[in-house]
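>>> Quick one, what's the 3D model for this:
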Amino acid sequence: MAELENPNVMPNLITFLSSLLQKVAESNDVNCRSQAQKISVFHGLSRPTISIQNYLDRIYKYANCSPSCFIVAYVYLDRFSQRQPSLPINSFNVHRLLITSVMVAAKFMDDMCYNNSYYAKVGGIKTVEMNFLEVDFLFGLGFELHVTPNTFHAYYSYLQREMLLQHPPSVAESTLSLGRSLKLQLCFNEEDSSHQKQELAV
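From the prediction side, this is the model:
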């Protein structure tokens with residue numbers, strides 16, 4: 001999508017996604033105290049010291065994948081959360097889910113991409129662990145990697161709309177960030193051409 005090639009768009013989109021995932025993780029951290037949750041290969045023994053914002057910035061800086069991969073990665077995270085309700089995104093697994101979703105998106109979307117060893121270094125994990133994460137993520141998605149143009153547009157339009165709601169062009173032309181409280185995350189019915197919005201209980 002041409003708009004994503006604009007150098008001012010992607011940094012703001014990365015900031016927005018980071019803030020969105022932060023809210024999702026924090027909300028689910030609270031929920032996990034009262035609800036049983038499964039432990040998976042994505043869970044760390046402790047919360048990573050690097051923030052979600054800095055981690056996603058690092059991925060964006062070094063992954064060198066096409067901008068569209070970050071939208072597709074967001075779609076994958078949404079699908080994963082829907083298909084694996086017992087594995088909600090939280091502070092213990094969000095970093096590993098992020099690096100895995102971007103890597104899988106890059107492999108599916110881009111003609112050329114780095115291998116697992118490179119992404120492992122970007123993500124600060126071992127190659128063996130990156131391999132396990134990829135396999136678990138693919139099975140968690142049911143290998144549903146295809147993203148239709150309509151689905152891509154629906155997710156991207158949602159992100160654009162929410163960013164603009166925070167800072168309308170009349171207030172800040174190029175400063176787009178998330179400040180509004182969102183319940184959790186947005187999910188679209190991909191088979192519905194109207195892109196009906198639903199609440200995702202991640």
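
>>> for this structure, what's the longest helix?
When the chain is scanned for its longest helix (criterion: DSSP state H), the result is helix 9-31.

>>> Can you point out the buried residues in it?
For helix 9-31, a neighbour-count test (16 or more other Cβ atoms under 10 Å) marks 9, 12-25, 27-28 as buried. Heads up, the C-betas are built off the backbone N, CA and C, glycines and all.

>>> elements contacting the helix or strand following it?
Next along the chain after helix 9-31, taking DSSP states H and E as the criterion, comes helix 52-63. Helix 52-63 is packed against helix 9-31, helix 94-109, helix 116-123, with contacts defined by 3 or more Cβ pairs under 8 Å, 6 or more residues apart in numbering; DSSP states H and E.

>>> Adding mean pLDDT, write these out as a markdown table.
Putting the helices and strands packed on helix 52-63 into a markdown table (pLDDT from 0 to 100) gives the following:
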| stretch | mean pLDDT |
| --- | --- |
| helix 9-31 | 82 |
| helix 94-109 | 93 |
| helix 116-123 | 93 |
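
>>> can you redo the ones you listed as a markdown table with distance to residue 56?
Formatted as a markdown table, the helices and strands packed on helix 52-63 follow (distance: least, Cβ to Cβ, whole Å):
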| stretch | distance to residue 56 |
| --- | --- |
| helix 9-31 | 5 |
| helix 94-109 | 6 |
| helix 116-123 | 11 |
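
>>> Can you name every helix or strand that the longest helix of the chain contacts?
helix 52-63, helix 68-83, helix 94-109, helix 149-166.

>>> In terms of mean pLDDT, which of these ranks lowest?
For the helices and strands packed on helix 9-31, mean pLDDT drops lowest on helix 149-166, to a mean of 84.

>>> How about the contacts made by the residue sitting nearest the centre point of the chain?
Most central in the chain under Cα atoms, centre = their mean is residue 74, positioned 3.6 Å from the mean C-alpha point. By Cβ atoms under 8 Å, 6 or more residues apart in numbering, the contact set of residue 74 is 17, 101, 155, 159.

>>> quick one: the closest residue to residue 117 other than its chain neighbours and residue 50, what's the gap?
Distances taken as Cβ to Cβ, 6 or more residues apart in numbering place residue 127 nearest to residue 117, at 4.6 Å, with adjacent residues excluded. Using Cβ to Cβ, to the nearest Å, residue 127 is found at 19 Å from residue 50.

>>> about what we covered before: of all the helices and strands packed on helix 9-31, which one comes closest to residue 135?
Distance to residue 135, taken as Cβ to Cβ, is lowest for helix 94-109 among the helices and strands packed on helix 9-31, at 9.8 Å.

>>> Next, the angle from that closest one to helix 52-63.
30 degrees (axes from the mean of the first three to the mean of the last three Cα atoms, to 10 degrees).

>>> And helix 94-109, how far out from the chain middle?
8 Å (Cα atoms, centre = their mean, to the nearest Å).

>>> and it, C-alpha only, in PDB?
Output of helix 94-109 as PDB, limited to C-alpha atoms (Å, rounded to 0.1, in the frame of the first residue of the first chain):
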ATOM      1  CA  VAL A  94       3.900 -10.400  23.800                       C
ATOM      2  CA  HIS A  95       7.600 -10.000  22.800                       C
ATOM      3  CA  ARG A  96       8.000 -13.500  21.400                       C
ATOM      4  CA  LEU A  97       4.600 -13.300  19.600                       C
ATOM      5  CA  LEU A  98       5.700 -10.000  18.000                       C
ATOM      6  CA  ILE A  99       9.000 -11.200  16.600                       C
ATOM      7  CA  THR A 100       7.400 -14.500  15.400                       C
ATOM      8  CA  SER A 101       4.400 -12.800  13.800                       C
ATOM      9  CA  VAL A 102       6.600 -10.300  11.900                       C
ATOM     10  CA  MET A 103       9.000 -13.000  10.800                       C
ATOM     11  CA  VAL A 104       6.200 -15.200   9.500                       C
ATOM     12  CA  ALA A 105       4.600 -12.200   7.800                       C
ATOM     13  CA  ALA A 106       7.900 -11.400   6.100                       C
ATOM     14  CA  LYS A 107       8.300 -14.900   4.800                       C
ATOM     15  CA  PHE A 108       4.800 -15.000   3.400                       C
ATOM     16  CA  MET A 109       4.700 -11.500   2.000                       C
END
